[in-house]
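A.B. asks: Task: produce atomic coordinates for the following.
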Amino acid sequence: MSSTETLTTPTPSAEFHTHRLANGLQILAQRMPDLESVALCFFVRTGARDEHDPALYGVSHFLEHMVFKGSQHRDAEQITLAFNHMGAEFNAFTSVEQTVFYARVLREYVPSAVDLLSDMMRPRLAEEDFNLERNVIIEEIARSEDSPMSQAYRKLLQTYFAGQSLGHDVLGTRESISEMHVDQMRAYQRRRYAANNLILSIAGNFEWDQVVELAERHCGAWESGEQGRQASAFAPDAARTSVVVKPNQKQQFVLIASPSISMQDPDLYAAELAVMVLGDGSGSRLFWNIFQKGLAESVGAAISPFDQTGLLLTYASTTPDHAPAILELLRAELKGLAEDGVHEDELRRAKDKLVSRTVLDGEAAFSRMQDLSYHWVAQGKLESIADEMAAIEAVTLDDIRRVLDRFPPTDRQVTTAYGPLEAGALGLSA
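C.D. replies: Predicted structure coming up:
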């Protein structure tokens with residue numbers, strides 16, 4: 001039996017709806033009647049983390065490309081022309097835990113957009129297209145190798161998540177892409193693009209009953225199958241170091257990661273505020289103590305919450321001359337945060353910034369479309385902007401102290417250096 005539910009909040013323009021088809025496809029919606037546009041997507045709960053067979057490394061991202069190469073009813077040109085006819089903004093992206101296909105359209109094109117995106121979710125995966133697109137992916141891998149910061153971050157994840165699929169590169173490897181067969185992708189698509197592993201998310205000015213009817217018509221016959229993943233908590237068992245020496249590189253990148261909060265954790269907002277105090281783009285401790293003093297080209301900190309696990313990342317890009325001192329300053333700031341916590345005035349400023357960011361993002365249908373899926377996957381519920389604002393404002397200094405005690409920023413640090421300096425010059429063991 002399919003189920004449907006309407007959830008309303010006292011916040012203007014925050015009318016939520018949920019519905020689940022008999023085959024398990026979840027529909028999430030927020031109606032924003034003051035807009036003239038609609039943002040909608042298919043959120044597929046699969047990514048590089050779900051590629052356990054080395055022969056499949058990069059298949060999620062490769063498949064994202066192939067979805068645009070033709071469906072059961074349209075070829076690649078017809079897909080592009082159909083989006084153009086709607087005047088749509090459309091694209092897709094793949095990460096370690098999800099693949100998202102989206103479009104932004106005027107409200108009158110909702111039926112056409114649901115029809116087109118639904119059709120694309122059942123791609124033809126023709127062998128000829130597969131072999132041609134393989135070269136595009138290999139070129140993309142080559143371009144990524146020319147980005148030092150991207151390479152440094154990949155090396156950090158590989159070291160931090162050693163032996164775990166979260167350390168896999170979303171693009172895959174030259175070897176895995178070169179040797180992959182179209183039948184392997186077809187089997188992966190059947191398994192991971194099952195109806196009950198997808199979410200149809202929509203935000204903007206639409207008619208809810210129409211959306212449900214469209215989903216039933218275009219997606220109701222899809223088969224159910226594998227859902228979610230077997231995710232478990234993970235943290236490195238000890239501190240680790242990796243040093244990649246690039247003698248001709250002019251910049252030195254230093255990155256430090258430590259265990260942090262998962263996407264399901266109720267302390268998520270407390271952790272996010274603490275990290276903003278440490279390394280937000282402006283007005284943070286790293287900003288004033290390193291960037292404003294001209295010691296680094298860029299510096300910051302962020303949390304990456306994943307399914308059942310997460311990490312705190314602190315990073316800097318600087319000259320080789322400054323790099324050893326910068327590494328010590330990063331460690332000192334992490335130690336200061338762990339031992340002293342944050343101050344009331346810092347917390348107030350962080351709250352003001354996070355609330356403002358939440359409200360400004362929440363005024364856009366595209367942002368709300370994404371948030372619906374992320375909140376549902378993480379918490380099994382939908383949150384209005386008012387809910388998020390209240391949760392942010394409710395965070396206390398005691399909450400931040402608790403999360404810093406649970407996940408000390410100095411604990412089991414994984415340090416990665418990428419640039420011209422040898423380990424010894426940075427005071428690191430190779």
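
A.B. asks: which stretches of the chain have low pLDDT?
C.D. replies: The model of the chain has pLDDT under 70 over residues 1-14, 430.

A.B. asks: ok, and what's touching whichever strand or helix holds Leu214?
C.D. replies: Leu214 is part of helix 208-219 when elements are defined by DSSP states H and E. Residues outside helix 208-219 that contact it (CB atoms under 8 Å, 6 or more residues apart in numbering): 4, 6, 17, 19, 21, 23, 25, 27, 29, 31, 110-111, 114-115, 118-119, 121, 195, 200, 202. To be clear about C-beta, it is placed using only N, CA and C from the backbone, and glycine gets the same treatment.

A.B. asks: tell me the secondary structure for Glu383?
C.D. replies: When classified by DSSP: H, G, I helix; E, B strand; the rest coil, Glu383 comes out as coil.

A.B. asks: Got the phi and psi for it?
C.D. replies: The phi/psi pair for Glu383 (degrees, to the nearest 10) reads phi -120, psi 130.

A.B. asks: which residues touch it?
C.D. replies: Neighbour list for Glu383: 371, 375, 391 [criterion: CB under 8 Å, 6+ apart].

A.B. asks: Could you confirm Phe101 falls within a strand?
C.D. replies: Yes - under three-state DSSP, Phe101 sits within a strand.

A.B. asks: so how far is Asp209 from it?
C.D. replies: 24 Å (CB to CB, to the nearest Å).

A.B. asks: same deal with Glu226?
C.D. replies: According to CB to CB, Glu226 stands 31 Å off from Asp209.

A.B. asks: where exactly do the strands run in the protein?
C.D. replies: Using DSSP state E, the strands assigned to the chain run over residues 3-8, 15-20, 26-31, 37-44, 89-94, 99-106, 198-204, 240-245, 252-259, 298-306, 309-318, 414-419.

A.B. asks: will you turn those into a markdown table that also has mean neighbour count?
C.D. replies: Listed next are the strands of the chain as a markdown table, based on neighbours: other CB atoms under 10 Å:
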| stretch | mean neighbour count |
| --- | --- |
| strand 3-8 | 11 |
| strand 15-20 | 19 |
| strand 26-31 | 23 |
| strand 37-44 | 24 |
| strand 89-94 | 17 |
| strand 99-106 | 22 |
| strand 198-204 | 26 |
| strand 240-245 | 16 |
| strand 252-259 | 25 |
| strand 298-306 | 20 |
| strand 309-318 | 24 |
| strand 414-419 | 25 |
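
A.B. asks: Any idea which of these gets closest to His343?
C.D. replies: Comparison of these against His343 by CB to CB identifies strand 298-306 as nearest, at 16.9 Å.

A.B. asks: Please name every helix or strand in contact with that closest one.
C.D. replies: Packed against strand 298-306 by the contact rule (3 or more CB pairs under 8 Å, 6 or more residues apart in numbering; DSSP states H and E) you find helix 268-279, helix 285-286, strand 309-318.

A.B. asks: got the angle between it and strand 309-318?
C.D. replies: Angle, strand 298-306 to strand 309-318, by axes from the mean of the first three to the mean of the last three CA atoms, to 10 degrees: 170 degrees.

A.B. asks: quick one, domains of this protein?
C.D. replies: Using automatic domain parsing, the domain ranges for the chain come out as 3-219, 240-426.

A.B. asks: Same list (the ones you listed) but as CSV, adding distance to Ser232.
C.D. replies: Converted to CSV, the domains of the chain look like this (distance: least, CB to CB, whole Å):
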stretch, distance to Ser232
domain 3-219, 10
domain 240-426, 6
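
A.B. asks: of the ones you listed, which approaches Phe234 most closely?
C.D. replies: Nearest to Phe234 among the domains of the chain is domain 240-426 (4.6 Å), distances taken as CB to CB.

A.B. asks: what residues are up against the nearest residue to Leu171 once chain neighbours are set aside?
C.D. replies: Spatial nearest neighbour of Leu171, excluding adjacent residues (CB to CB, 6 or more residues apart in numbering): Ile141 at 5.0 Å. Applying CB under 8 Å, 6+ apart, we find Ile141 in contact with 171-174, 177.

A.B. asks: now Ile141: how far from Pro123?
C.D. replies: Distance of Ile141 to Pro123, computed by CB to CB: 22 Å.

A.B. asks: How much space separates the nearest residue to Arg104 once chain neighbours are set aside from Tyr102?
C.D. replies: Leaving aside its sequence neighbours, Arg104 sits nearest to Glu89 (CB to CB, 6+ apart; 4.3 Å). From Glu89 over to Tyr102 the distance is 8 Å, taken as CB to CB.

A.B. asks: before we move on, back to that, who wins for proximity to Ala296 among the helices and strands packed on strand 298-306?
C.D. replies: Of all the helices and strands packed on strand 298-306, it is strand 309-318 that lies closest to Ala296, at 4.2 Å by CB to CB.

A.B. asks: For that closest one, what is the distance to the chain centroid?
C.D. replies: Here the centre of strand 309-318 is set off from its chain's centre by 15 Å, with CA atoms, centre = their mean, to the nearest Å.

A.B. asks: circling back to that earlier point, closest one of the contacts of Ile141 to Arg406?
C.D. replies: The closest of these to Arg406 turns out to be Leu171 (CB to CB; 33.4 Å).

A.B. asks: shouldn't the closest one be in contact with Ile137?
C.D. replies: Yes - between Leu171 and Ile137 there is a contact under CB atoms under 8 Å: 6.9 Å.

A.B. asks: Those two - which one has more neighbours?
C.D. replies: Shown here are Leu171 and Ile137; by other CB atoms under 10 Å, Leu171 has more neighbours (25 against 21).

A.B. asks: Drop anything exposed from the contacts of Ile141.
C.D. replies: 171-172, 177 (16 or more other CB atoms under 10 Å).

A.B. asks: quick one: which of those is nearest Val277?
C.D. replies: Leu171 (33.6 Å).

A.B. asks: Contact partners for the closest one?
C.D. replies: With the criterion set at CB under 8 Å, 6+ apart, Leu171 makes contact with 58, 61, 137, 140-141, 144, 177.

A.B. asks: Pull the residues that contact stretch 384-401.
C.D. replies: Here stretch 384-401 makes contact (CB under 8 Å, 6+ apart) with 9-11, 14, 16, 267, 269-270, 273-274, 341-342, 344, 347, 351, 354-355, 358-359, 362, 383.

A.B. asks: Can you flag the buried ones in those?
C.D. replies: By neighbour count, with 16+ other CB under 10 Å, the contacts of stretch 384-401 hold 14, 16, 267, 269-270, 273-274, 341-342, 347, 351, 354-355, 358, 362, 383 as buried.

A.B. asks: farthest-separated two in these?
C.D. replies: Greatest spatial distance among the buried ones among the contacts of stretch 384-401 (CB to CB): Phe16 and Gly341, at 35.5 Å.

A.B. asks: The contacts of Glu383 in helices, which ones?
C.D. replies: 371, 375, 391 (DSSP state H).
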